[in-house]
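Q: Using only what follows, build the 3D model:
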Amino acid sequence: MPLLKGLVAATIASAANRTGLDGIFYNGSDIAPCSSPLYCYGPILGEIQMAKPFADSKTYVDMPTKVPLKQVLAGYELLTKPLQNGTELLDFLSTYFDPAGQEVIPVEPESLLVNATFLDEISDAVNREFTETVINLWPNLTREINGSAICPECESSFIPVKRPFVIAGGRFREPYYWDSYWILHGLLRSAGSFTDIARNQIENFFDLVDVYGFVPNGARKYYLNRAGPPVLAQMVRVYLEHTNNMSVLDRGIPMLKKEHAFFMSNRTVNVTLQDIKYTLNRYNAANNQPRPESYYEDWTQVNNVSYYASDGSIYPTKNTTWEEKAWQYNNLASGAESGWDFSSRFMRDPRVAADESYFPLASYNTVNLIPVDLNSILYWNEVTLAEFLNMTGNSSEAEVWHKKARDRSEAMYALMWNDSLGSYFDFNVTSETQEIFWARDGDALPIETTPAHSNDTQVVFNVAQLTPFWTGAAAPFLKDNPQSVRGAFQRISDYLDIREGGIAPTNFRTNQQWDQPNVWPPHMHILMEALLRTPAINGTDDEDWRWTQDLALRLGQRYFDSAYCTWRATGGSSPSAPPLGNLARNLGGVMFEKYSDQSVNEAGSGGEYEVAVGFGWSNGVLIWVADTFRDQLQTASCPNLTANATAAGVEHVSHGDGSDAFSAVEIDRFDAEWTSENVGGLDDEGE
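A: So this is what the prediction gives:
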């Protein structure tokens, strides 16, 4: 499509959507998240992002304009083409755009109070003081709309929300969907002002469902073609459990039905097995363009420019058709919708990612997989809606939703459960088989290699396989039987035996952030809560049931230690834990977005990045662990933690867009200069 045609089409559509209500944009065969020529679609977006003025592609698309669109377009026309990353482009951006994240400002921290009474039940001073420190991070992560920042005719990618909210931190300057579920766990236990903030998070998402039919991945227009794991019903459930405030259901029930309808209308797939038709759900974003916030990375991969591996090898360009490019863009956006952006789990050929022999995401295959975790969550939502309907006196409709849940559980068992291996597996709709085997790496367990069908494969493991035990979607004779639960979780115990950190998303090591060795707080919470929900059908002295509860505590201790030790390694201290000396950079203690399965001591800071306050779901899970296990936790222990060890430097692992990307809690130092002060919790002094 000619550049001018794309610009005119997007500009006209953007002008027609001046109210701020936008949505998926269709222009001929092109599908983009919205019509904005600056933030979603067209040559201006493409040329600026391909010039790469910032290390992080998200920086540009988070910059609101200072002037109306027509003036920005006029200024753009004066630029020398093709655009180059230099003074002319940076002058244009500083003239016509405000800093990234200007649309929101911190809520005055002194106006926000906490009242975490459960802290009184923790007798260990080190653990209690660390937990209290994490709780006290919430005021620094609380934001509200900056009403005076944007002129009425100006452009922004931000989707306004009415009520104050909590951000994840760092480069995430807006509300994010599935992050908010784990943030909510922490807010409600922190109490005080944050009980109302928790309700705000829910009501803001209700507003998004009301307008768009679903909750976008985050509150940015460039996310309007993709959702995220649908956890809103569970946010409402958790809120009710803590507050008993039934008024949330007045809007909640109709909005949750509406969100469920979106997934059933737009994300379903039918599979026939032994003459029985099953309907389940998959991730499938409406998209065939580069993701705006990762435009450079997506375009570079999909257009198959030469790939430069970290060992110096160069892999030449491969020609691809328009259809192949569109397919890759669709799968990249759908992979982001899954929350696992990105992982070998969704690759047709994970060896490429491990060997670094080509663009690892070129074989991404999200759309052709029926994911265990998505369907587990949807099962839980159906059960939860039934419970809400019963609570409001509508038992007949509640039974309809219970049947939806039973049908889904039966479909999952038929298609995804493998009795020989005692686990659920993602289902591939192309091959019509479970995703059981993939490439073997260097630290596979005997339990993973013995049943493998060749010497270079291992049995797949990913945390999603265990989500049916978390949400209750597993068949009743599995989830209600401690022996079956123990069998399903045996590999978790084995991993803890041989590795010093937590549980990685997969058992396959790559540079992708949702693979080994990274450890994600939501996954640790899912595993712990699944184990704790195992019923003691044979009494609390039953060996298998005790095993499940002990494993949950082991996971809790490992997570608590990881969060504490990396906080200490970056300068964290308390009255019972004096500061470490001789730190290379004393950051005052950092809560990171993810940890390592290799050690509880691995921190994530570096001289080329500004470290920001974080990290929402890490804080939430830490607070949940502290409250759930209390004095069952031992004093946090950091083996071999010394100033020299923490000063040794940290490898920056991928944020999903390549091995040279950075942690979400870090912002490139140059990009930080183009980011609204404090919006991501940036350290003013850059320490």
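Q: so how far is residue 74 from residue 224?
A: Plainly put, residue 224 is 27 Å away from residue 74 if you go by C-beta to C-beta, to the nearest Å. Every residue, glycine included, has its C-beta placed from N, CA and C.
Q: Comparing the two, which residue is more hemmed in?
A: Set side by side, residue 224 and residue 74 give different neighbour counts by other C-beta atoms under 10 Å, the larger being at residue 224 (24 against 11).
Q: Quick one: residues contacting that one.
A: Taking C-beta atoms under 8 Å, 6 or more residues apart in numbering, we find residue 224 in contact with 22, 23, 24, 33, 34, 40, 159, 212, 216.
Q: Let's see that with 7 Å instead.
A: By C-beta atoms under 7 Å, 6 or more residues apart in numbering, the residues touching residue 224 are 22, 23, 24, 33, 34, 212, 216.
Q: how about a markdown table for these, with distance to residue 245 added?
A: Output for those, formatted as a markdown table (distance: C-beta to C-beta, whole Å):
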| residue | distance to residue 245 |
| --- | --- |
| 22 | 33 |
| 23 | 32 |
| 24 | 35 |
| 33 | 34 |
| 34 | 35 |
| 212 | 26 |
| 216 | 26 |
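Q: got a winner among those for most neighbours?
A: Neighbour counts for these (other C-beta under 10 Å) peak at residue 33, which has 30 neighbours.
Q: Which of the contacts of residue 224 sits closest to residue 668?
A: Using C-beta to C-beta, residue 33 comes nearest to residue 668 of these, at 24.1 Å.
Q: Number of residues surrounding the closest residue to that closest one other than its chain neighbours?
A: Leaving aside its sequence neighbours, residue 33 sits nearest to residue 225 (C-beta to C-beta, 6 or more residues apart in numbering; 3.9 Å). By the criterion of other C-beta under 10 Å, residue 225 has 26 neighbours.
Q: Next, count neighbours for residue 37.
A: When neighbours are counted by other C-beta under 10 Å, residue 37 registers 26.
Q: Helix, strand, or coil at it?
A: Of the three states, residue 37 takes coil under DSSP: H, G, I helix; E, B strand; the rest coil.
Q: Please tell me how far it sits from residue 296.
A: From residue 37 to residue 296 the distance is 18 Å (C-beta to C-beta).
Q: do residue 59 as well
A: As judged by C-beta to C-beta, residue 59 and residue 296 stand 11 Å apart.
Q: and the end-to-end length of stretch 349-360?
A: Using C-alpha to C-alpha, to the nearest Å, the end-to-end distance of stretch 349-360 comes out at 8 Å.
Q: try stretch 496-507
A: End to end - C-alpha to C-alpha - stretch 496-507 spans 13 Å.
Q: Same check on stretch 144-151?
A: The first and last residues of stretch 144-151 sit 17 Å apart, counting by C-alpha to C-alpha.
Q: Give me the residues contacting it.
A: 64, 98, 102, 103, 104, 105, 107, 156, 160, 164.
Q: Kindly report the same for stretch 463-472.
A: By C-beta under 7 Å, 6+ apart, the surrounding residues in contact with stretch 463-472 are 371-373, 376-377, 379-380, 383, 412, 423-425, 474, 479, 485, 488-489, 503, 505, 523, 526-527, 529-530.
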